[in-house]
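Visitor: Please find the sequence and the predicted model below.
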Amino acid sequence: ILNVEQSPQSLHVQEGDSTNFTCSFPSSNFYALHWYRWETAKSPEALFVMTLNGDEKKKGRISATLNTKEGYSYLYIKGSQPEDSATYLCASKGVPPQGGSEKLVFGKGTKLTVNP
Amino acid sequence: NAGVTQTPKFQVLKTGQSMTLQCAQDMNHEYMSWYRQDPGMGLRLIHYSVGAGITDQGEVPNGYNVSRSTTEDFPLRLLSAAPSQTSVYFCASSRDWTSGQPQHFGDGTRLSIL
């Protein structure tokens, strides 16, 4: 099965702090890397989809980078605000090591809490 | 534009009962999928479909059936409910299965099996 790992599992920061978290994924048979923001009692919402090595994407204070050769992506939040509190999910689209069709597999997420 | 609509929002079943979770999208998306979300496990793929008439298994397909007779609908059937299937179920869709398309999620169905 595709193994997608996210770290840290949870993170507490103060309002105004900048923060980042990591998503690692198999670099072979890679097709795309997705980031989602998931607020409590809501459904996940797409932030970014990246496909090319070296891709960088930005949406307001949130940005992401992608390294497909070494199999990792970073999500950065600049000047965290309490409304940024959520679980951030990454998902890798690829072919599992045992073969078969492409699948989109999610990591377990990083839960961010921003204290006022 | 309703997006992805899941029904019901909540359901309680007894062990051994069967039921169908409904998912409909009005965006003419080709790709649809079902996930279950359990504490500490993230989102796990149950089944997915790349278009009408085509379905395939995800990571945790046992105990579930799907069909895709129309582009709009992708129901998930629990054949004989078990307590291990207590979970929150999310349906998602994307325009197609090409690399650059994000998933659009429904609001989820919270299912409890007694």
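Guide: Happy to help now that I have it.
Visitor: could you list every residue that touches residue 19?
Guide: Answering for chain A, as no chain was given. With contact set as Cβ atoms under 8 Å, 6 or more residues apart in numbering or on different chains, A:T19 has these partners: A:L11, A:V13, A:Y76, A:I77, A:S80, A:L112. Backbone N, C-alpha and C define where each C-beta goes, glycine included.
Visitor: that's the wrong chain, I meant chain B
Guide: B:M19 makes contact with B:Q11, B:L13, B:R77, B:L78, B:A81 under the criterion Cβ under 8 Å, 6+ apart.
Visitor: from these, which are also near chain A?
Guide: Checked against chain A using Cβ under 8 Å from any Cβ of the partner chain, those yield no neighbours at all.
Visitor: Could you tell me which of those count as buried?
Guide: Restricting the contacts of B:M19 to buried positions leaves B:Q11, B:L13, B:L78, B:A81, with burial counted as 16 or more other Cβ atoms under 10 Å in any protein chain shown.
Visitor: Could you tell me which of those are located in strands?
Guide: For the buried ones among the contacts of B:M19, membership in strands holds for B:Q11, B:L13, B:L78, with DSSP state E as the criterion.
Visitor: Out of those residues, the closest to B:I113 would be?
Guide: Here the nearest of those to B:I113, counting by Cβ to Cβ, is B:L13; it sits at 5.1 Å.
Visitor: From B:D38, how far off is that closest one?
Guide: Taking Cβ to Cβ, to the nearest Å as the measure, B:L13 falls 17 Å from B:D38.
Visitor: next one: A:G54
Guide: Counting by Cβ to Cβ, the separation of A:G54 from B:D38 is 35 Å.
Visitor: go on, B:V88?
Guide: If you measure B:V88 against B:D38 using Cβ to Cβ, the figure is 8 Å.
Visitor: same check, this time on A:G71
Guide: When Cβ to Cβ is applied, the distance between A:G71 and B:D38 equals 25 Å.
Visitor: Show me where chain B dips below the pLDDT cut-off.
Guide: Within chain B, the set of residues satisfying pLDDT under 70 comprises B:1, B:99.
Visitor: what's the answer for chain A, then?
Guide: Across chain A, the ranges flagged by pLDDT under 70 are A:1-2, A:96-101.
Visitor: what does it put close to chain B?
Guide: Residues of chain A found near chain B (Cβ under 8 Å from any Cβ) are A:1, A:31-32, A:34, A:36, A:42-46, A:49, A:51, A:89, A:91, A:93, A:101-109.
Visitor: Of the residues you listed, keep whichever come out buried.
Guide: Neighbour counting with 16+ other Cβ under 10 Å marks A:31-32, A:34, A:36, A:43-44, A:46, A:49, A:89, A:91, A:93, A:102-109 as buried within the residues of chain A next to chain B.
Visitor: Pick out the residue in chain A sitting closest to chain B.
Guide: Distance from chain B to each residue of chain A (Cβ to the nearest Cβ) is smallest for A:A46, at 3.3 Å.
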